[in-house]
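[1] After the sequence you'll find the predicted model.
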Amino acid sequence: MRASTDPRAATADRYREFADMEARGLSACYEAWAHGVADDPATVALIDRLPAPKRQPNLVFSAARFHGAPVSEYGEFGSWLAGHWAVVSATCLSHSTQTNEPGRCAVLLPALAALPGPLALIEVGASAGLCLYPDRYSYRYLAGDEVERMLHPAAGPSPVVLDCSLTGPVPGPAELPEVVWRAGVDLNLLDLFDQADVAWLDALIWPEHDDRRARLRAAVQLARAEPAPIVRGDLNDQVEALVARAPAGATVVVFHTAVLAYLDEAAARRFTATMHRLPVRWLSNEGRSVVPAVTERLRARPAASTDFVLALDAEPIAFTEPHGRALHWLDERGSSPRR
Ligand SMILES: C[S@@+](CC[C@H](N)C(=O)[O-])C[C@H]1O[C@@H](n2cnc3c(N)ncnc32)[C@H](O)[C@@H]1O
């Protein structure tokens with residue numbers, strides 16, 4: 001477990017690691033804030049009033065932005081946080097980090113399109129369910145600066161366009177898969193019809209990522225037009241019943257992205273055993289050491305420490321950028337061809 005998410009780690013270490021390992025290169029603002037917190041004992045003392053699992057940088061910064069903290073240098077942020085600690089800490093206690101990133105569909109799509117259709121999709125850890133619409137988004141796959149492939153839903157171009165850089169021998173989906181049924185489960189599902197929930201999803205997006213913010217708004221509109229049933233509960237307790245509800249004749253795909261890191265090892269192993277037992281295809285997109293059955297089969301290392309591993313039925317097939325911006329397909333031996 002990373003120090004940034006490990007509740008046993010000292011708060012200053014959690015923030016320093018978050019700055020260096022997670023924010024660097026992705027958010028100059030969060031990198032500066034996290035370094036600033038790590039070096040500021042007064043702010044660390046404030047954050048230490050929260051229960052340890054709630055001291056995560058991503059949660060505290062998102063709660064601050066939810067309450068209007070401006071993008072700024074650390075000095076200004078530190079003062080702002082001290083002045084707004086009551087509301088920020090209440091939001092940290094009542095909310096959790098559950099970023100819902102439809103962009104992740106861009107890295108799931110080639111694997112989904114290669115399966116025999118039609119598909120019945122079940123997302124475990126669905127948050128608000130925005131990754132349940134891979135057939136409703138448009139995709140712009142890039143090779144370097146060139147558009148290598150553009151894909152649209154059967155009904156025509158989508159208001160949500162997902163950009164993704166491709167490397168490696170990616171199987172080329174010629175069209176989007178047919179999805180005949182979709183459903184999800186989440187411990188703490190967010191309601192797309194609730195403005196406060198949507199505002200929280202917005203606050204979870206890092207400051208400089210305006211493209212993701214615009215995409216969130218468009219994806220929320222799209223999903224509201226076709227709401228997928230999402231049940232509240234633990235994925236281990238609910239997944240089997242959801243699989244039983246899937247229509248006959250469809251390939252049932254159980255998938256998850258950025259979820260299993262929240263489970264302890266016993267729960268992750270229980271879920272893995274369920275996936276091997278049920279008549280489903282299992283598509284996993286998680287950090288490289290999160291799913292033991294996938295990690296054991298890895299024969300290459302992702303280029304970046306933050307990269308996820310995409311695995312079908314526990315077999316690694318690609319490395320992916322955590323928000324779906326890039327996909328590096330592995331060769332048939334699971335090795336990583338030159339980029
Ligand atoms: C970081 S979010 C990812 C959401 C979505 N999969 C995506 O990629 O956009 C992780 C989600 O997993 C959910 N989650 C964590 N542990 C869970 C569990 N044991 N059962 C069900 N959902 C869980 C959280 O509530 C949260 O909504």
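    Received, thanks.

[2] number of nearby residues for Leu81?
    When neighbours are defined as other C-beta atoms under 10 Å, Leu81 has 26 of them. C-betas here are computed from N, CA, C, even on glycine.

[3] got the residue ranges for the helices in the stretch 51-200 of the chain?
    Counting by DSSP state H, counting those that start in this stretch, the stretch 51-200 of the chain has helices at residues 57-66, 74-83, 85-94, 105-113, 195-203.

[4] CA atoms of the second one as PDB?
    Included here for helix 74-83 are C-alpha records, laid out as PDB according to Å, rounded to 0.1, in the frame of the first residue of the first chain:
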ATOM      1  CA  TYR A  74       0.500  26.600  -0.800                       C
ATOM      2  CA  GLY A  75       0.800  29.600   1.500                       C
ATOM      3  CA  GLU A  76      -2.700  30.900   0.400                       C
ATOM      4  CA  PHE A  77      -4.100  27.400   0.600                       C
ATOM      5  CA  GLY A  78      -2.700  26.700   4.100                       C
ATOM      6  CA  SER A  79      -4.500  29.900   5.400                       C
ATOM      7  CA  TRP A  80      -7.700  29.100   3.500                       C
ATOM      8  CA  LEU A  81      -7.700  25.600   4.900                       C
ATOM      9  CA  ALA A  82      -7.300  26.800   8.500                       C
ATOM     10  CA  GLY A  83     -10.100  29.200   8.000                       C
END
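
[5] if we can go back for a sec, tabulate the helices of the stretch 51-200 of the chain (CSV), appending distance to Asp307.
    CSV is the format used below for the helices of the stretch 51-200 of the chain (distance: least, C-beta to C-beta, whole Å):
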stretch, distance to Asp307
helix 57-66, 18
helix 74-83, 28
helix 85-94, 28
helix 105-113, 11
helix 195-203, 24
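
[6] Indicate which one of these is closest to Gly172.
    helix 105-113 (7.6 Å; C-beta to C-beta).

[7] is the ligand contacted by the closest one?
    No. For helix 105-113, no contact with the ligand is found by C-beta under 6 Å from any ligand atom; the gap never falls below 9.2 Å.

[8] what does that helix contact?
    Helix 105-113 has contacts (C-beta atoms under 8 Å, 6 or more residues apart in numbering) with 119, 121, 131, 133-134, 137, 139, 141, 151, 162-164, 170-177, 253, 255, 257, 283, 285, 308, 310, 312, 317-318, 320-321, 324-327, 329.

[9] quick one: it to chain centroid distance?
    Centroid separation for helix 105-113 versus its chain: 14 Å, with C-alpha atoms, centre = their mean, to the nearest Å.

[10] mind exporting it as PDB, just the C-alpha atoms?
    Taking C-alpha atoms only, helix 105-113 is exported to PDB below (Å, rounded to 0.1, in the frame of the first residue of the first chain):
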ATOM      1  CA  CYS A 105     -13.700   3.300 -21.100                       C
ATOM      2  CA  ALA A 106     -11.100   4.100 -23.700                       C
ATOM      3  CA  VAL A 107      -8.700   1.500 -22.300                       C
ATOM      4  CA  LEU A 108     -11.500  -1.100 -21.600                       C
ATOM      5  CA  LEU A 109     -12.900  -0.800 -25.100                       C
ATOM      6  CA  PRO A 110     -10.400  -2.900 -27.200                       C
ATOM      7  CA  ALA A 111     -10.800  -5.700 -24.800                       C
ATOM      8  CA  LEU A 112     -14.600  -5.500 -24.700                       C
ATOM      9  CA  ALA A 113     -14.900  -5.200 -28.500                       C
END
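
[11] sorry, back to before: ChimeraX command for the buried members of the contacts of helix 105-113?
    In ChimeraX syntax, the buried subset of the contacts of helix 105-113 is picked out as below (16 or more other C-beta atoms under 10 Å):
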select :119,121,131,133,134,137,139,141,151,162,163,164,170,173,176,177,253,255,257,283,285,308,310,312,317,318,320,321,324,325,326,327,329
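
[12] Next step: the contacts of helix 105-113 restricted to strands.
    119, 121, 139, 141, 151, 162-164, 253, 255, 257, 283, 285, 308, 310, 312, 317-318, 320, 326-327, 329 (DSSP state E).

[13] Restrict the residues you listed to those that also contact the ligand, please.
    Applying C-beta under 6 Å from any ligand atom to the ones in strands among the contacts of helix 105-113, one finds that Thr257 fall near the ligand.

[14] Stretch 324-331: end-to-end distance?
    Distance across stretch 324-331, first residue to last, is 20 Å (C-alpha to C-alpha, to the nearest Å).

[15] for stretch 264-274, what is the average pLDDT?
    For stretch 264-274, mean pLDDT rounds to 95.
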